[in-house]
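1. Just a sequence and a predicted model for now, questions to come.
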Amino acid sequence: MNSWMKIEEFCTLVNLDVAAVHALIDEGKLVAKEDEEGSYFVEVSRSAQALIPATKGVVLDEAYEGGSVSMSSEFVEKTLGAILSLHEKVLDAKEETLETLKGENRFLKEALFSMQELYDEDRKTIETLTKQIEILQDELEFTKRKYKMMWNKAVESYTPSAK
């Protein structure tokens, strides 16, 4: 698996300046490529082997009871590779999470627009029903007056018949 890193980040990681890394690239000790924008990228896993001296192991003096610890360059390379692999997995998970959140935001935005449309339709329906109720109330009031006038005339013109 190729792990590419910007040359500036690589320089920070290996504690070298950019000119020294370019010199190592020119010598063929480091694998690098240039993108369309002119940025250089260094292939980390193969380049790490060129930077680690080809000794049987690395000895670290530690201030603990055991004294020193020796590690092979292969172990260091595998450790760096594992760290970079984990870093890539974290970045992939981060991108996946961002995509998921963007999808959820799009869904919520669409739902909000849909709810707004439903609200507008309901508001129009309420306005229509309110107008119909007002019309029916006016008709009812008119019918009550008409009914009252008819019965008032009927009562006035009523004459009781003699038995």
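-> Structure's in. What do you need?
2. Break this structure into its domains for me.
-> 1-51, 54-127 (automatic domain parsing).
3. Could you dump the ones you listed into a markdown table and include mean pLDDT and distance to residue 149?
-> Every C-beta, even on glycine, is put in place using the N, C-alpha and C of the backbone. Converted to a markdown table, those look like this (pLDDT from 0 to 100; distance: least, C-beta to C-beta, whole Å):
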| stretch | mean pLDDT | distance to residue 149 |
| --- | --- | --- |
| domain 1-51 | 79 | 92 |
| domain 54-127 | 83 | 34 |
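4. Columns distance to residue 142 and mean neighbour count on top of those, output as TSV?
-> Below are the domains of the chain laid out as TSV (distance: least, C-beta to C-beta, whole Å; neighbours: other C-beta atoms under 10 Å):
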stretch	distance to residue 142	mean neighbour count
domain 1-51	81	14
domain 54-127	23	11
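5. okay, these in a markdown table with distance to residue 153 next?
-> Shown next, in a markdown table, are those (distance: least, C-beta to C-beta, whole Å):
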| stretch | distance to residue 153 |
| --- | --- |
| domain 1-51 | 98 |
| domain 54-127 | 40 |
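6. among those domains, which is nearest residue 136?
-> Nearest to residue 136 among these is domain 54-127; the distance by C-beta to C-beta comes to 15.2 Å.
7. Next one: residue 92 from residue 10, what distance?
-> According to C-beta to C-beta, to the nearest Å, residue 92 stands 20 Å off from residue 10.
8. now the helix or strand residue 105 falls within: how far from the chain's centre is it?
-> Per DSSP states H and E, residue 105 falls inside helix 73-157. Taking C-alpha atoms, centre = their mean, to the nearest Å, one finds helix 73-157 lying 22 Å from the centre of the chain it belongs to.
9. What is it packed up against?
-> helix 44-51 (3 or more C-beta pairs under 8 Å, 6 or more residues apart in numbering; DSSP states H and E).
10. surely residue 4 meets residue 43?
-> Yes. Contact criterion C-beta atoms under 8 Å: residue 4 and residue 43 qualify, at 5.8 Å.
11. okay, and the common contacts of those two?
-> Counting by C-beta atoms under 8 Å, 6 or more residues apart in numbering, the contacts common to residue 4 and residue 43 are residue 33.
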